[in-house]
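**Student:** This is a predicted model, with the sequence first.
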Protein chains: 2
Amino acid sequence: MKITNLDKEKKIRVDMEGAKDAYKQVPVSAHDGAPSFSFRVFTVEPGGHTAFHTHPFEHVNYIISGHGALVTEGGKELPVSEGDFALILPNEAHQYRNKAEDHPLVLICAVPKEYE
Amino acid sequence: MKITNLDKEKKIRVDMEGAKDAYKQVPVSAHDGAPSFSFRVFTVEPGGHTAFHTHPFEHVNYIISGHGALVTEGGKELPVSEGDFALILPNEAHQYRNKAEDHPLVLICAVPKEYE
């Protein structure tokens, strides 16, 4: 059993090409013994975004705070805000953009542990 | 792709033996096409709790709001509050208890989709 919070977890800048001002933490990881999936948290600063990309596994997301857009195929922007859940299926193109001017977009991004 | 929030998701009372004043929603489910794991949300009213139990799969939890206790083997109570994450490993006994007098304990409980 592990109980933690974001103040206790190391935060690293996302260096993936196409990402801007995004940071990653992994409060529940394969290293903690998670048997099948991990909880990562991304913090996207105002004006920042994750990479627009696809991959052969899903994301399950929960917006902890802030608001922004979930960008999908063709650049379509779907609004998301605190309290929203999202399921991004394998091979669906996606990107999270922070649309606020003064506060971060913070979201849980759960993935199969092999891809954490 | 699915985007939703708790206002849009059906809420049912948990009728498992040992649970009291607990309600369940499943914003991201196998029925939505989730390939490997589901996000359930439990709302535990003041004085309420989930069942004290074990099972052969894990929980990954995030406390959306409120505060309470994660009860473990031997009845030990670990405090949890808004913003905490928890990993409960397969076969670890556990229960969530709402310790607040006037507001619900709301938490994400992610599980392999077969057990949602």
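**Tutor:** Okay, I see it.

**Student:** CA only for contacts and neighbour counts going forward, please
**Tutor:** Will do.

**Student:** what's the longest strand seen in chain A packed up against?
**Tutor:** Looking across chain A with DSSP state E, the single longest strand is strand A:37-49. Contacts defined by 3 or more CA pairs under 8 Å, 6 or more residues apart in numbering or on different chains; DSSP states H and E place strand A:37-49 against strand A:20-28, strand A:95-98, strand A:105-112.

**Student:** Looking at these, spot the one closest to chain B.
**Tutor:** strand A:20-28 (6.6 Å; CA to the nearest CA).

**Student:** Please name every helix or strand in contact with the closest one.
**Tutor:** By 3+ CA pairs under 8 Å, 6+ apart, strand A:20-28 packs against strand A:12-13, strand A:37-49, strand B:84-88.

**Student:** try 10 Å this time
**Tutor:** strand A:2-5, strand A:12-13, strand A:37-49, strand A:95-98, strand A:105-112, strand B:59-65, strand B:84-88 (3 or more CA pairs under 10 Å, 6 or more residues apart in numbering or on different chains; DSSP states H and E).

**Student:** closest one to B:Ala22 among the ones you listed?
**Tutor:** strand B:59-65 (14.4 Å; CA to CA).

**Student:** Report the next helix or strand after the closest one in sequence order.
**Tutor:** strand B:67-71 (DSSP states H and E).

**Student:** Partner strands of that next one and their direction?
**Tutor:** strand B:77-81 (antiparallel), strand B:95-98 (antiparallel) (DSSP bridges).

**Student:** Now the shortest one - C-alpha only, PDB.
**Tutor:** Translated: strand B:95-98. This file holds the C-alpha atoms of strand B:95-98, laid out as PDB (Å, rounded to 0.1, in the frame of the first residue of the first chain):
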ATOM      1  CA  GLN B  95     -11.900   0.200   3.400                       C
ATOM      2  CA  TYR B  96     -12.500   3.900   2.900                       C
ATOM      3  CA  ARG B  97     -14.300   5.700   5.800                       C
ATOM      4  CA  ASN B  98     -15.600   9.300   5.600                       C
END
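
**Student:** neighbouring contacts of that strand?
**Tutor:** Contact with strand B:95-98 is made by B:18-22, B:42-54, B:66-73, B:75, B:77-81, B:104-107, as judged by CA atoms under 10 Å, 6 or more residues apart in numbering or on different chains.

**Student:** And the pLDDT at the residue nearest to A:Pro104 when sequence neighbours are not counted?
**Tutor:** The shortest distance from A:Pro104 to any non-neighbouring residue, by CA to CA, 6 or more residues apart in numbering or on different chains, is to A:Glu45 (4.6 Å). Listed pLDDT for A:Glu45 reads 98.

**Student:** doesn't A:His103 make contact with A:Glu45?
**Tutor:** Yes. With contact defined as CA atoms under 10 Å, A:Glu45 reaches A:His103; the gap is 6.9 Å.

**Student:** For those two, work out which one has more neighbours and name it.
**Tutor:** When A:Glu45 and A:His103 are compared on other CA atoms under 10 Å in any protein chain shown, the one with more neighbours turns out to be A:Glu45, at 22 against 15.

**Student:** State whether A:Gly74 is indeed within a helix.
**Tutor:** Yes. The assignment for A:Gly74 by DSSP: H, G, I helix; E, B strand; the rest coil puts it in a helix.

**Student:** sorry, back to before: can I get the helices and strands packed on strand A:20-28 in JSON lines including distance to B:Tyr96?
**Tutor:** Listed next are the helices and strands packed on strand A:20-28 as JSON lines, based on distance: least, CA to CA, whole Å:
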{"stretch": "strand A:2-5", "distance to B:Tyr96": "13"}
{"stretch": "strand A:12-13", "distance to B:Tyr96": "31"}
{"stretch": "strand A:37-49", "distance to B:Tyr96": "20"}
{"stretch": "strand A:95-98", "distance to B:Tyr96": "32"}
{"stretch": "strand A:105-112", "distance to B:Tyr96": "21"}
{"stretch": "strand B:59-65", "distance to B:Tyr96": "11"}
{"stretch": "strand B:84-88", "distance to B:Tyr96": "11"}
